[in-house]
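**Q** 3D model of this:
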Amino acid sequence: MTFFKHLRVAGTLLALGAGILAAGQASAQSVNDIVKRGKVRIGVLIGAPPYGSVDSTGNAIGYDADVATLVAKYLGVPMEVVQLTPPSRIPALEAGKVDFLVATLAPTPERARAVMFTSPYSAFQMGIYAKKGTPIKTWADLKGRTVGVNRGSSVEREFTNREKELNLKILRFEDDATTMQALFSGQVEAIAGPDAQANAAIKARGETETEVKFFFGMQPNSMTVRKDAFELKQWLDNVIYYIKQNGELNAISEKWVGGPLPQLPTF
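**A** Have a look, this model is predicted:
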C-alpha cells in the first residue's frame, strides 16, 4: 500500500471515529435514546437552597433534585445527578455532560438562542435584600452602593443594566448562598436574589437584621434541553403538565418553599 493510500485509510478511520463520537454525544436527544441507554443524566443546581444544595454525604437535595427524581421515575430508568453551579449549567448541557437540566434556569430570549426551554416548573419573586437599617426603597436608593449578585443568574442583568446609571460596584459570586453570605458579613450593602433562597438563608442563619427592601419581578424556571431535542422537550412538557395536575409538583413546593405552587406561565 502506498503512502498516500495509507493517508486515505487513516483519514477514513478518523472520520468514522469522529462520527461515532458525535453519535455518542447526541445519543440522549430523545426519550427512547435515554431509555435504551438505561440511565438518565440530569443536571441540577446546587448552592441555592431550597432549590438546590448538598447534604452531609454530598448528595444533591432540594426542589430541583426532587423534581428530577420524579422525571426519572416517569422515564423508568435510574438517574445520575450532575451537580452544577449557575455559570456551568448551559455549558454542561451543550457539552453533552447531561441529557437535560432541572436547574432553576429562567427561560430568557438570550438563552433561548442556544438551548430550548420547557414550560416552567417553578417560580419565585426577585427582590433586593439589605440590612434593616439601610435606607433602600427603590432602585434609586442603591446609587453608589456595593451590591452582590449570583454570577450567571438572570438577576445579574438587573444590576448590569443599572450599573452606570446608579454608579454601582457589582461583586459577583458563584451561587446564591455565597451571595447571601456576602450580605451577612458586610462585604456588600445589598444583593439581588430570589425570595425562596434568601428566606432559606436567613432562616438557617437565624438572621434578624436582614430583610427584603422591594420586589422587582417574578422569575419562572424551566427545564432545559439542547437545541435540537424537540421530542425530549415535548415529553418533558407533558410530564410538567401531569405533575402539576396530580399534585406532585405542589407537594414539592410545599416541602421546600413552604407554600403552594404559584400560578405558572405556559408557552
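
**Q** CA atoms only: put stretch 219-228 into CSV for me.
**A** Extracted C-alpha coordinates of stretch 219-228, given in CSV (Å, rounded to 0.1, in the frame of the first residue of the first chain):
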residue,chain,number,x,y,z
GLN,A,219,-38.8,34.6,37.6
PRO,A,220,-40.3,31.4,36.2
ASN,A,221,-37.8,28.5,35.8
SER,A,222,-37.9,25.9,33.1
MET,A,223,-36.2,22.6,32.3
THR,A,224,-33.7,22.9,29.5
VAL,A,225,-32.7,20.7,26.6
ARG,A,226,-30.3,21.0,23.7
LYS,A,227,-31.4,23.0,20.7
ASP,A,228,-32.4,20.0,18.5
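
**Q** distance between that stretch and the chain's centre?
**A** 9 Å (Cα atoms, centre = their mean, to the nearest Å).

**Q** what does stretch 254-265 give?
**A** Mean C-alpha position of stretch 254-265 versus that of the full chain (Cα atoms, centre = their mean) differs by 17 Å.

**Q** now for it, what's the gap between its first and last residues?
**A** 19 Å (Cα to Cα, to the nearest Å).

**Q** What of stretch 179-197?
**A** Per Cα to Cα, stretch 179-197 runs 10 Å from first to last residue.

**Q** how about the strands of the stretch 151-267 of the chain, start to end?
**A** 169-173, 190-194, 210-226 (DSSP state E, counting those that start in this stretch).

**Q** Hey, what's the angle from the second one to strand 210-226? Just curious.
**A** The directions of strand 190-194 and strand 210-226 differ by 50 degrees, with axes from the mean of the first three to the mean of the last three Cα atoms, to 10 degrees as the criterion.

**Q** angle of strand 190-194 against strand 169-173?
**A** Orientation check (the same axes, to 10 degrees): strand 190-194 against strand 169-173 gives 50 degrees.

**Q** Neighbouring strands of strand 190-194 in the sheet, and parallel or not?
**A** strand 115-131 (antiparallel), strand 146-150 (parallel) (DSSP bridges).

**Q** and what of the first one?
**A** Next to strand 169-173 in the sheet, as set by DSSP bridges, lie strand 146-150 (parallel).

**Q** Does residue 228 touch residue 29 like I think?
**A** Yes: Residue 228 lies in contact with residue 29 (Cβ atoms under 8 Å); the separation is 6.5 Å. Every C-beta, even on glycine, is put in place using the N, C-alpha and C of the backbone.

**Q** which of the two has more neighbours?
**A** Shown here are residue 228 and residue 29; by other Cβ atoms under 10 Å, residue 29 has more neighbours (20 against 11).

**Q** which regions of this protein lie under the pLDDT threshold?
**A** 1-28 (pLDDT under 70).

**Q** Could you say which of the strands of the stretch 151-267 of the chain is packed most deeply?
**A** Ranked by mean neighbour count under mean count of other Cβ atoms under 10 Å, these are led by strand 190-194, which reaches a mean of 25.

**Q** ok, which stretches of the chain are helices?
**A** For the chain, applying DSSP state H gives helices covering 3-25, 31-37, 63-75, 89-94, 156-166, 176-184, 195-205, 230-245, 248-256.

**Q** Remind me what the third one packs against, helices and strands.
**A** Packed against helix 63-75 by the contact rule (3 or more Cβ pairs under 8 Å, 6 or more residues apart in numbering; DSSP states H and E) you find helix 31-37, strand 40-45, strand 79-84, strand 100-105, strand 115-131, helix 230-245, helix 248-256.
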